[in-house]
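J.: when you get a sec, could you give me coordinates for this:
(one chain, ligands or ions: 1)
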Amino acid sequence: MASFRNRCGECSYATDWGAESASTDAMLEHYSRAHPDVFPGGVVEFRTGRARREGPGFLTIVGVVVLICLFLAALRDCR
Ligand SMILES: [Zn+2]
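T.: Below is the predicted model of the structure:
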């Protein structure tokens, strides 16, 4: 599940990660409070559910390498 946050286009403010509608509402509230004369803008960021990307990815690569080694060893034994 993806979560969203908005970054203000006028200052360094960013909303918390969450649902897209909640993030948009928080940014509109920020603009009305901090930049009342500016039309709301900024950047929307999103991310997918997995928080830790490197750990599982590395283990997957190690697992694939081990499987390839076992496969090659099995081929060699069959000859
Ligand atoms: Zn701002």
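J.: residue contacts, the spatially most central residue of the chain?
T.: Nearest to the mean C-alpha position of the chain, by CA atoms, centre = their mean, lies residue 47 at 2.6 Å. Contacts for residue 47 were tallied using CB atoms under 8 Å, 6 or more residues apart in numbering; they are 2-3, 17. Every C-beta, even on glycine, is put in place using the N, C-alpha and C of the backbone.
J.: ok, now residue 41?
T.: 9-10.
J.: part of a strand, is it?
T.: No - for residue 41, which was evaluated using DSSP: H, G, I helix; E, B strand; the rest coil, the result is coil, with no strand membership.
J.: distance of it relative to the ion?
T.: Here the distance between residue 41 and the ion works out to 10 Å (CB to the ion, to the nearest Å).
J.: mind checking how far that residue is from residue 60?
T.: 39 Å (CB to CB, to the nearest Å).
J.: in the sheet, who's paired with the residue nearest to the centre of the chain?
T.: For residue 47, the residues forming beta bridges with it (DSSP bridges) are residue 3.
J.: begin at 624 from here
T.: Understood, numbering begins at 624; the last thing we discussed is residue 670.
J.: gap between it and residue 693?
T.: 35 Å.
J.: and if you look at residue 663?
T.: For residue 663, the distance to residue 693 equals 56 Å [CB to CB].
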